[in-house]
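here you go, sequence then predicted model.
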Number of protein chains: 2
Amino acid sequence: MRQINTEPLTAPAFAPFGDVLDATGAHRLINAGLCQRHHDRAKLDFGDARAGVSIFLAQVRALPYAFTLIERHPEASQTFIPMTQHSFLVIVAPDPQATPRAFLTNGSQGINLHRATWHGVLTPLQSPGLFAVVDRIGSTLNIEEHHYTDPWTVAE
Amino acid sequence: MRQINTEPLTAPAFAPFGDVLDATGAHRLINAGLCQRHHDRAKLDFGDARAGVSIFLAQVRALPYAFTLIERHPEASQTFIPMTQHSFLVIVAPDPQATPRAFLTNGSQGINLHRATWHGVLTPLQSPGLFAVVDRIGSTLNIEEHHYTDPWTVAE
C-alpha cells in the first residue's frame, strides 16, 4: 500500500490535467450588472462526436480512500460540475507509472479533465454525490483502464 | 402590474420550453455499480458554433419578484446547472404576448432551455447564486429581448 496526501485544488497545480471551473478571476457583467459571467472556462474536446449533459449520482467515499484503478478517455474531455456545495476528491495521474495526485476541491469548483487525462472514478465525500457531467456522446467505447498491482491510499 | 404564481418544476410541465436535468428516471450503473449515469439528458444545439462551459455568479432575488424583461437566444440552447443545492426561479414564456410561467426548482435540478425559448434572466433565491452554464461560444450576438410595458410579478 502506497500513500498520497490531498492537496488543495488550484488552477496552476491542476493545469497539467485540466481546468478549474469557478467564479474567480476575469469576468464580464451581464443582466444589467447583476450577474458575473466567467466566460468559456473549459477546454472542451469531443473529437468527431457531440457534447452531452448527463447527471451522475455517485456513492459517497471517505478518507483514507484506497484505489487500484485509474482510467482515461482518449477521444474527449470530461467536465464535472458538483450540484451541491461540497468538496470532492479529484485523483489524476500524469501516466500509470507516475505517482498519482489527489486534489480536494473547495466546494465551489467544478473541473474539466482534458482529453486523455488519467483519473480516478468520481469520488464525492459528502451526500448526495450529485454532479452534472459534460462529455462525449458517441458510439465508441472511449475508455482505457489501468489497474495498479500495489494499491494507493489517499489520506487527508 | 400583473401577477403569476410559482409552480413546481417537472419535466412534463417544462417540456415545451426545455429539459429538466436531475437524477430521476432511467440510468445506467457505472464505476462498478457505484455511480448512476442519467445519460444525455439535454437537447443541446449550438448552431454552427461550439459549446463552452462558463460559470455565472448572479445576485440573489426575493419573491415577490417583479420583471419587465424576457430574452431568447435564437441560435442555441442554454443549460443552467446550479452548483449549490438551492432552488431557483425559472421564468419562461411561449412568446412575448402570452402569460409567462415561473417554475421553482427543487434544489437538485438543472435546466436546459431549448434554442429560441423566451426566458427571464438568471434568478437565484439563495446565496451564492452560483451556476455552471453550457452555451454557445460564437461571434454573433445571439440574443433578442422583449420589454413588457406592464410589468409582471412572481409570487409564491
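Here it is on my side, so go on.

quick check: residue A:22 vs chain B, distance?
Distance of residue A:22 to chain B, computed by Cβ to the nearest Cβ, to the nearest Å: 6 Å. All C-beta atoms are positioned from the backbone trio N, CA, C, and that covers glycine.

now residue A:29: closest residue in space, sequence neighbours ignored.
Residue nearest to residue A:29 in three dimensions, not counting chain neighbours: residue A:36, with 6.4 Å by Cβ to Cβ, 6 or more residues apart in numbering or on different chains.

you'd agree that neighbour is in a helix?
No. Per DSSP: H, G, I helix; E, B strand; the rest coil, residue A:36 lies outside any helix segment and is strand.

is it true that it touches residue B:54?
No. Assessed by Cβ atoms under 8 Å, residue A:36 is found out of contact with residue B:54, at 9.8 Å.

any idea how far apart the tips of stretch A:40-51 sit?
15 Å (Cα to Cα, to the nearest Å).

can you list contacts of it?
Stretch A:40-51 is contacted from outside by A:18-21, A:75-77, A:79, A:112, A:114-115, A:134-140, B:44, B:50-55, B:134, B:137, using Cβ atoms under 8 Å, 6 or more residues apart in numbering or on different chains.

center of chain A, which residue is that?
Most central in chain A under Cα atoms, centre = their mean is residue A:111, positioned 4.6 Å from the mean C-alpha point.

distance check, it against chain B.
Distance, residue A:111 to chain B, by Cβ to the nearest Cβ: 10 Å.

swap in residue A:3?
Counting by Cβ to the nearest Cβ, the gap from residue A:3 to chain B is 22 Å.

and residue A:88, by the same measure?
12 Å.

and the nearest residue to that residue once chain neighbours are set aside, what is it in contact with?
Among residues not flanking residue A:88 along the chain, residue A:124 sits closest, at 4.7 Å (Cβ to Cβ, 6+ apart). Counting by Cβ under 8 Å, 6+ apart, residue A:124 touches A:58, A:59, A:60, A:61, A:82, A:86, A:88, A:89, A:130, A:131.

can you show me the strands along chain A?
Here chain A has its strands, by DSSP state E, at A:2-8, A:18-21, A:28-30, A:35-38, A:50-58, A:65-72, A:78-82, A:88-93, A:101-104, A:110-113, A:118-119, A:123-124, A:129-137, A:144-155.

so which of those is the most surrounded?
Greatest average neighbour count among the strands of chain A goes to strand A:78-82 (a mean of 26), per mean count of other Cβ atoms under 10 Å in any protein chain shown.

alpha carbons only: can I get that strand in PDB?
Extracted in PDB, the C-alpha atoms of strand A:78-82 (Å, rounded to 0.1, in the frame of the first residue of the first chain):
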ATOM      1  CA  GLN A  78     -14.900  15.400 -19.400                       C
ATOM      2  CA  THR A  79     -16.400  18.100 -17.200                       C
ATOM      3  CA  PHE A  80     -17.700  17.500 -13.700                       C
ATOM      4  CA  ILE A  81     -19.900  20.200 -12.100                       C
ATOM      5  CA  PRO A  82     -20.800  19.500  -8.500                       C
END
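
report the distance from that strand to the chain centre.
Between the centre of strand A:78-82 and the centre of its host chain there is 6 Å, according to Cα atoms, centre = their mean, to the nearest Å.

direction included, what does that strand pair up with?
According to DSSP bridges, strand A:78-82 forms sheet pairs with strand A:110-113 (antiparallel), strand A:129-137 (antiparallel).

contacting residues around the first one?
I take that to be strand A:110-113. Applying Cβ under 8 Å, 6+ apart, the external contacts of strand A:110-113 come out as A:9, A:14, A:17-22, A:41-44, A:73, A:77-82, A:90, A:92, A:105, A:119, A:134, B:53, B:55, B:83, B:132.

hmm, 7 Å instead?
Residues outside strand A:110-113 that contact it (Cβ atoms under 7 Å, 6 or more residues apart in numbering or on different chains): A:17-21, A:42-43, A:77-82, A:90, A:119, B:53, B:132.

quick one: low-confidence ranges for chain A?
Residues of chain A meeting the criterion pLDDT under 70: none.
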